[in-house]
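# Sequence and predicted model, in that order:
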Amino acid sequence: MEALEHIRHFTAANPGMMTLTGTNQYLLGREEITVIDVALPGEENIDGILEQIERTGGKRIEKILLTHTHRDHCGGAVALKQRTGAKLGICALRAGYLGGEDFTYKSGESIPYDGGELTVVHTPGHESGHCCFYESSRQILFTGDHILGQGTTVIPPPDGDMALYIQSLEKLLDLKIRLLLPGHGPVIHDPYGKIREYIDHRWLREREVLDSLRGGRNTIPAIAARIYADLSAPLQSVGRLSVEAHLIKLVREGRVVRDGERYLLGGKE
């Protein structure tokens, strides 16, 4: 990651089927450190975070913020809190999820840290309580899983919501952003290009789902097999989740009708 004043990161080596890369855990501040996301509870990860802070002049961890509650972003949060005495925060919609949280936050709230201030941007879609953190003075957005450094984000039903996800992407276009710092993969230097790429990708997938229905493929496995034919067998399940999320959106809009395991074009399509 390029040198950013008061912002460092330590990547947990926990690649998953949906991301293929480890989780970026961001360390903000001069001496009093704010950590964004803690992936793993094991000593190797916790020690790595603490060693990174010590090497760069940090004195202690003041608070921990979580972009969302998927395990590869929050699994080590309680362990780091217990180890350091840091205050643990979570989206208000997820209050009590981990147990041991010290405070909550919601969209629009400001969270100060040693060297700057973050604004909470609620970005539901990947997960209903997902939040990005916006550093307006440096025009940086910490995106968690809302936008990745490589690949695209999975929207896993029932908590994942495709319509909300697209809306959450679109509202980012109103922010002044210079860099996107994702939860997985490298820094994104063309923020608006990436955001529009993600939006266009979702509309493309929706068209492909509708085209599949028109062509007689009316089950999730059949549609996924057509759209994601190039995916390896282990990743086919991820493709089916995406298809399901699109179909749920289309059913709600009245453009598709569900009949058991089959989906049919509706009156609005």
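Perfect, thanks for sending it.
# Run a quick neighbour tally on the residue nearest to Ile177 when sequence neighbours are not counted.
Distances taken as C-beta to C-beta, 6 or more residues apart in numbering place Pro191 nearest to Ile177, at 4.1 Å, with adjacent residues excluded. Heads up, the C-betas are built off the backbone N, CA and C, glycines and all. Neighbour count of Pro191, defined by other C-beta atoms under 10 Å: 21.
# OK, contacts around Pro191?
By C-beta atoms under 8 Å, 6 or more residues apart in numbering, the contact set of Pro191 is 141, 172, 177-180.
# Output these in JSON lines, with distance to Glu51 and pLDDT appended to each entry.
What follows is the contacts of Pro191, written out as JSON lines (distance: C-beta to C-beta, whole Å; pLDDT from 0 to 100):
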{"residue": "Leu141", "distance to Glu51": "27", "pLDDT": "98"}
{"residue": "Leu172", "distance to Glu51": "33", "pLDDT": "98"}
{"residue": "Ile177", "distance to Glu51": "31", "pLDDT": "98"}
{"residue": "Arg178", "distance to Glu51": "29", "pLDDT": "97"}
{"residue": "Leu179", "distance to Glu51": "25", "pLDDT": "97"}
{"residue": "Leu180", "distance to Glu51": "26", "pLDDT": "98"}
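# which of these count as buried?
141, 172, 177, 179-180 (16 or more other C-beta atoms under 10 Å).
# Now go through those and say which are in strands.
In strands, defined here by DSSP state E, the members of the buried ones among the contacts of Pro191 are 141, 179-180.
# isn't Glu31 right next to Lys59, touching?
Yes - counting by C-beta atoms under 8 Å, Glu31 does reach Lys59; the two are 4.2 Å apart.
# Tell me the one of the buried ones among the contacts of Pro191 nearest Ala245?
When the buried ones among the contacts of Pro191 are compared for distance to Ala245 (C-beta to C-beta), Leu172 wins out at 19.2 Å.
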